[in-house]
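Enquirer: Build me a model from this:
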Amino acid sequence: MKNISKKHARRWGAGMIAAGMLLGGSVLPAGITQAAAASSQAKAVSSTVVLKVNGKIAAQTGLFQEGQVWVPVAFMRDGLGLPLSYDKAEKTYTIGTGSTQTKLSITEYGTTIKVNNYYIGEYDVKNLGNRLYVPFALLSDYLGYRGDWSAASGRLNIMKKVQNAVTITTESYAKDYKDAPIKLDYPQISGLASAEAEKAINATIKQTVLNYAAYAEDEISKKIEEDRPYEFEGGYVVTYNQDGVLSLITNQYGYTGGAHGSTLRNAFTFSLKDGKRLLLGDLFGSNPNYKKLLNAKVSTELKANGGYLGGFTGLNTEKYFYLKEGKAVLFFQQYEYTAYAAGFPEVTFTFKELLPGGSSPFAALK
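Expert: This is a model prediction of the structure:
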């Protein structure tokens, strides 16, 4: 996930596309000419994708472009039944509800996607033929869907993932200080068989947010009238909710002056059976060489990417990771080993890389 600065977020939020674009209207965002849009589309080689929902062909079609399937936002409403609205005042599209609620913003400057106020930086929104498209990977990574893709027939069958029987709701720590608002969204869960496990998970997440809130309050207490307005905000995204395991990321962003703000990222992977926060060793420790494999790949990728500042000699914590389908993603904080522009460097491992025998990382949790 790429880091997206608040400066860009403000700029992108300044003027967004008209609501008519979503359904194929003729209106384009201010500053984008018909000729420019046509030229951009001409460069994109794509083919039509037949979209199915639980085996039934949908009215809308998708596109295969840039090596992946793109689905129309209108399909998310009409085919998947997700609530869809456009807020003219905020100039934002909202799709879905609850812990997978997604907001889209587009201008001539770029695009943003947010899930629970958490910026998803690795995926774009496309305007093709005056219709909005998102990559199917957004739905599979963060919105709880899976897909069976047939490249030969150009068909994608979309289904809901079978997920843990847990309810995830959003709570907020919010204070409306003058020129220094705080709004930190975070998840809390319910519905587990073990009340103790539920309490432990919720307390761990909440305390992390409260710690950041205390930092924000302290910064505000030192603010003087001549300072620029401060702001503090946070969000979260669930990345894995299967196999008795819940994995999620939280971000807390703060701006207290200067060229840009800073973001603190945390990640949590829990066993829903007992509420234990899982470390990498709990999942991959059956391979005695897992640390060696992790350190070797991380060292190579950090040094290969731009902005490396040096200093990596091995993992100093096993907490900074999250799970995706068949993968574990390690990340590092801003400035930890790389320049600010590099955001949060990430290194992805497949389960098979760390457990070459093909065993499940969740076997010991059953």
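
Enquirer: where are the low-confidence patches of the stretch 1-150 of the chain?
Expert: 1-44, 107-108 (pLDDT under 70).

Enquirer: need the strands for it, in chain order.
Expert: Taking DSSP state E, counting those that start in this stretch as the criterion, the stretch 1-150 of the chain contains strands spanning 46-53, 56-65, 68-72, 84-87, 92-95, 102-107, 110-115, 118-119, 126-128, 131-135, 145-150.

Enquirer: Turn the ones you listed into TSV, columns for distance to Lys297 and mean neighbour count.
Expert: Using the backbone N, CA and C atoms, a C-beta is placed for each residue, glycine as well. As requested, those are arranged in TSV below (distance: least, CB to CB, whole Å; neighbours: other CB atoms under 10 Å):
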stretch	distance to Lys297	mean neighbour count
strand 46-53	33	16
strand 56-65	30	16
strand 68-72	24	23
strand 84-87	40	14
strand 92-95	35	19
strand 102-107	31	21
strand 110-115	27	20
strand 118-119	26	22
strand 126-128	32	18
strand 131-135	25	22
strand 145-150	27	15
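
Enquirer: and Gly310, which of those strands is closest to it?
Expert: Closest to Gly310 of those, according to CB to CB: strand 118-119, at 27.7 Å.

Enquirer: quick one: strands adjacent to the closest one?
Expert: Strand 118-119 has the following strand partners under DSSP bridges: strand 110-115 (antiparallel).

Enquirer: mind exporting the partner strand as PDB, just the C-alpha atoms?
Expert: Extracted in PDB, the C-alpha atoms of strand 110-115 (Å, rounded to 0.1, in the frame of the first residue of the first chain):
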ATOM      1  CA  GLY A 110      -6.000  11.500  -9.500                       C
ATOM      2  CA  THR A 111      -8.100   9.100  -7.500                       C
ATOM      3  CA  THR A 112      -8.600   8.000  -4.000                       C
ATOM      4  CA  ILE A 113     -10.200   4.900  -2.500                       C
ATOM      5  CA  LYS A 114     -11.000   4.700   1.200                       C
ATOM      6  CA  VAL A 115     -12.400   1.800   3.200                       C
END
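
Enquirer: and it with strand 102-107, angle?
Expert: 170 degrees (axes from the mean of the first three to the mean of the last three CA atoms, to 10 degrees).

Enquirer: middle-most residue in the chain, spatially?
Expert: By CA atoms, centre = their mean, the mean C-alpha position of the chain lies nearest to Ile120, the distance being 4.0 Å.

Enquirer: do you know how far that residue is from Ser194?
Expert: As judged by CB to CB, to the nearest Å, Ile120 and Ser194 stand 31 Å apart.

Enquirer: Just after the helix or strand where Leu264 lies, pick out the following helix or strand.
Expert: For Leu264, the host element (DSSP states H and E) is strand 262-271. Heading C-terminal from strand 262-271, the first helix or strand you meet, by DSSP H and E, is helix 280-284.

Enquirer: rewinding a little: could you point out which of the strands of the stretch 1-150 of the chain sits nearest Tyr340?
Expert: Of these, nearest to Tyr340 by CB to CB is strand 118-119, at 15.5 Å.

Enquirer: Tell me how many other residues crowd Ala267.
Expert: 19 (other CB atoms under 10 Å).

Enquirer: Tell me the confidence at it?
Expert: On the pLDDT scale, Ala267 is placed at 98.

Enquirer: The closest residue to it other than its chain neighbours - how many residues pack around it?
Expert: In space, and not counting its chain neighbours, Ala267 is closest to Tyr322: 4.3 Å by CB to CB, 6 or more residues apart in numbering. Close neighbours of Tyr322, defined as other CB under 10 Å, add up to 23.

Enquirer: Now do the buried residues in the helix or strand containing Tyr322.
Expert: For Tyr322, the host element (DSSP H and E) is strand 321-324. With burial defined by 16 or more other CB atoms under 10 Å, the residues of strand 321-324 counted as buried are Phe321, Tyr322, Leu323.

Enquirer: Quick check: which element contains the closest residue in space to Val238 that isn't next to it in sequence?
Expert: What sits nearest to Val238 in space, not counting adjacent residues and going by CB to CB, 6+ apart, is Leu248, at 4.7 Å. For Leu248, the element it lies in under DSSP H and E is strand 245-255.

Enquirer: so what does that strand touch, helix or strand wise?
Expert: strand 118-119, strand 180-190, helix 195-221, strand 231-242, strand 262-271, strand 321-324 (3 or more CB pairs under 8 Å, 6 or more residues apart in numbering; DSSP states H and E).
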